[in-house]
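Chemist: Sequence isn't available, so here's the structure alone:
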Ligand code: HEC
Ligand code: HEC
Ligand code: HEC
Ligand code: HEC
Ligand code: HEC
C-alpha cells in the first residue's frame, strides 16, 4: 500500500537526490533564521528580501526537483532494492529507512549549525556600505565614489535611505526587489534619476543624528578660487546657519524651525522651477508666486513639503562643477597652480567627452603632457614631475565626477546648497517671488544668509585677524 512512497526510501542510494535534500534543508533552515530579522526590521538591508524571496526559494525548489530526478534516474536500482527488502518499509528495522532518517537528520543538524552562524554574518554584511555601494557595481559607482569623499563616508547608506522602523524597511524591500530585477535585465535609467521620488521624509532620517539645537550658530566658510594665471583668491563667508538661537533667525530657523511649514509647487520633475511657495509660521500663512505667475497656473503641479534635502540634496553624493573641483584640487596642491596655463588646459580636457572611464584614464593625462611638450617645451623639460602630478590630479577630479558608463557627467546632479553653480536657494530667493499684494518678497538680501567677510581677495584681512594662516 506504500508502493508509491516506497521509492523515496531508496533515494539515499543516489547522489542527485542527496544533493537535493541538502539544498532543501539548507534553504529551509536559512529561511527560518533570516525571517525574524527581516520582520523585526533591524536588519536594515535593502536586499535581504532578495535572499529571502528569491535566492532561498530558488534553492529550495531546485532541491525539491532534484529528489525525484535522482530517484527516476536510479529507478532500476531502487526497484531491485525494493524487491529484495522484506517486511514493513517504514520501520526502524528497515536499514534503508534508517539511512533515510539518519541522513536527513545529520544534514539538518549541520545546516542549523552553519545557518545560525552564516545568516548572522549575512545580515551584517548586507547592512554594510560595501554591499550597497558595490553589489550592482556600475549602477552605484557614481554615488559610492562621491560618498567615499563626503563627510558621511562613515555613515551607512541605509541610515539615510531607509532609516529606523519596520514600515519604511518593508517599502524599501519591495522597491529593492524591483531594482534588482531592473539591474538583472539591464533595464534601468542611466544616470539613476534624481530626485528620488519617494525618499523617506529627511527629517525622520537626518534628525536621527542632526537636530535643530545641534546645527545652530554661525559657520565660517573659506572658498578658494584661481584665475587663469594661477593666482589664488579667497572668499570668506560667515554662514548664518541658525537653529539654536533665541531670536530664531538664520537659515535653519527660517525653514525647519519649530512652528514652520513650507510647501512648494514645482513645474518639473527635477524641482528646479518653483513658481509657488506657501510659508506657515505659527499658524500665519503667506503665499508667494513667481513673477508673471497666477494661482491657476500652478493648480495641477506637484506640491512638496520642504525638508532637509530640498537644500542638502547632495549631503553624501556631492558632485562638483568642473571649475570648483579644479579650484579645490589646486588649493590642496594636488594640481600645482604655478604651471603656466594649467587651469585653462585642465578645464579643456576635463570637459571633453570620453567614451569610457578606461579611455579617459589613458587619454586625459596624455593630452596634458602633450600640451606642455608642444606649447611649453621649456617647462616640460624642467618640471616633468609636476606635469605628471598635475595630470594625475586633474584625472582624479574627473574620476570623482564623471562616469560615462552611467552617463553621469558635469551637471547631471545639481547641488541646491548655494546659488553659484546652480540656481539652488535662488529657485525661491530671487526677489521675484511675491505675495499677492506685491508687498513682500522672498529675500535676496546678500547678508541674510551669509555675511560677506571677503570677496575673492588675494589676502583677506579677516583671515589674518582670525589667525587663519593656511
Ligand atoms: C547622509 C545621507 C546619505 C547617505 C549616507 C547615503 N545617501 Fe544616497 N542619497 C542621499 C540623498 C539626500 C539623495 C538625493 C535625494 C533626492 O534628491 O531625492 C541620495 C541619492 C542617492 C541615489 C540616487 C541618485 C542620486 O545621486 O541622486 C543613489 C543611487 C544613492 N543615493 C545611493 C547611495 C549609496 C549606494 C550609499 C552608500 C554607499 C548612499 N546612497 C549613502 C542621502 C544619502
Ligand atoms: C548616522 C548619522 C547621520 C545621519 C543619519 C546623517 N548624518 Fe549628516 N553627518 C554625520 C556625521 C558623523 C557628520 C560629520 C561630522 C563632522 O564632520 O563633524 C555629518 C556631517 C553633516 C554635514 C556637515 C558637512 C560639512 O560640510 O561639514 C551636513 C550638512 C549633514 N551632515 C547633513 C545631513 C543630512 C541632510 C542628512 C539626511 C539626509 C544627514 N546629514 C544624515 C552623521 C549623520
Ligand atoms: C533652506 C535650506 C536648508 C534646509 C531646509 C536645511 N539646511 Fe542644513 N544647512 C543649510 C546651509 C546653507 C548650511 C551651511 C552650509 C555651508 O556651511 O556652506 C547648512 C548646514 C548644515 C549643517 C552643518 C552645520 C555646521 O555647523 O557645520 C548640518 C548638520 C545641517 N545643515 C543639517 C540639516 C538638517 C538635518 C536639516 C533638516 C532638518 C537641514 N539642515 C535643513 C541649508 C539648509
Ligand atoms: C522652496 C523655496 C525656498 C528655497 C529653495 C529656499 N528658501 Fe529660504 N525661505 C523661503 C521662504 C518662503 C522664506 C520666508 C520668507 C519670508 O517670510 O520673509 C525663507 C526665508 C529664509 C531666510 C530668512 C530670511 C529673513 O530675512 O529672515 C533665510 C536666511 C533663508 N531663507 C535662507 C535660504 C538658503 C540659504 C537657501 C538655500 C540653501 C534657501 N533659503 C532656500 C523659501 C525658500
Ligand atoms: C537665500 C540665501 C542666500 C542669499 C540671499 C545669497 N546667498 Fe550667497 N550663498 C548662499 C549659500 C548657501 C552659499 C554656499 C556656501 C557653500 O558653498 O556652502 C553662498 C555662496 C556665495 C558665494 C561664494 C561662492 C563661491 O564660489 O565663491 C558668494 C560670492 C555669494 N554667495 C555671494 C552672494 C551675493 C553677492 C548675494 C546677494 C546678491 C548672495 N550671495 C545672496 C546663500 C545665499
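Modeler: The structure has been received and is ready for your questions. As the structure is a prediction and not an experimental result, all values here were calculated from the model. Ligands and ions are numbered 1, 2, ... in the order given.
Chemist: Which element is encountered next along the chain beyond the least confident helix or strand in the chain by mean pLDDT?
Modeler: In the chain, the helix or strand scored least confidently by mean pLDDT, DSSP states H and E is helix 6-9, which has a mean of 62. Scanning forward in sequence from helix 6-9 by DSSP states H and E, the next helix or strand is helix 15-40.
Chemist: That next one packs against which elements?
Modeler: helix 48-50, helix 56-73, helix 95-126, helix 166-184 (3 or more C-beta pairs under 8 Å, 6 or more residues apart in numbering; DSSP states H and E). The C-beta positions use only the backbone N, C-alpha and C, and glycine is treated the same way.
Chemist: what residues does the helix or strand following the last one touch?
Modeler: The reference is to helix 166-184. Per DSSP H and E, the first helix or strand lying C-terminal to helix 166-184 is helix 202-206. Identification of contacts with helix 202-206 by C-beta atoms under 8 Å, 6 or more residues apart in numbering yields 159-164, 256, 307-309, 312, 315.
Chemist: tell me which residues in the helix or strand just after helix 202-206 are buried?
Modeler: Using DSSP H and E, the helix or strand that directly follows helix 202-206 along the chain is strand 218-226. Buried residues in strand 218-226, defined by neighbour count with 16 or more other C-beta atoms under 10 Å: 222-224, 226.
Chemist: what packs against the helix or strand following strand 218-226?
Modeler: Using DSSP H and E, the helix or strand that follows strand 218-226 towards the C-terminus is strand 232-240. Under the contact definition 3+ C-beta pairs under 8 Å, 6+ apart, strand 232-240 sits against strand 218-226, helix 446-449, strand 450-457, helix 461-466.
Chemist: Turn those into a markdown table, including mean pLDDT and distance to residue 420.
Modeler: A markdown table is the format used below for the helices and strands packed on strand 232-240 (pLDDT from 0 to 100; distance: least, C-beta to C-beta, whole Å):
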| stretch | mean pLDDT | distance to residue 420 |
| --- | --- | --- |
| strand 218-226 | 94 | 9 |
| helix 446-449 | 92 | 12 |
| strand 450-457 | 95 | 12 |
| helix 461-466 | 93 | 20 |
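Chemist: Out of those, which is closest to ligand 2?
Modeler: strand 218-226 (8.5 Å; C-beta to the nearest ligand atom).
Chemist: relative to strand 450-457, how tilted is the closest one?
Modeler: 20 degrees (axes from the mean of the first three to the mean of the last three C-alpha atoms, to 10 degrees).
Chemist: anything in strand 218-226 near ligand 2?
Modeler: No - Strand 218-226 stays clear of ligand 2 (C-beta under 6 Å from any ligand atom), getting no nearer than 8.5 Å.
Chemist: Check which strands are paired with that strand and give the direction for each one.
Modeler: strand 232-240 (antiparallel) (DSSP bridges).
Chemist: just how off-centre is the strand it pairs with within its chain?
Modeler: In terms of C-alpha atoms, centre = their mean, to the nearest Å, the centre of strand 232-240 is found 30 Å from the chain centre.
Chemist: Give me the buried positions along that strand.
Modeler: 233-238, 240.
Chemist: tell me the phi and psi of the residue nearest the centre of the chain?
Modeler: Residue closest to the mean C-alpha point of the chain, counted by C-alpha atoms, centre = their mean, is residue 143 at 5.0 Å. With angles defined as degrees, to the nearest 10, residue 143 sits at phi -70, psi -40.
Chemist: if I read this right, it contacts residue 192, doesn't it?
Modeler: Yes - when contacts are counted by C-beta atoms under 8 Å, residue 143 is listed as touching residue 192 (7.3 Å).
Chemist: all strands of the stretch 301-450 of the chain, in order?
Modeler: For the stretch 301-450 of the chain, applying DSSP state E, counting those that start in this stretch gives strands covering 302-305, 450-457.
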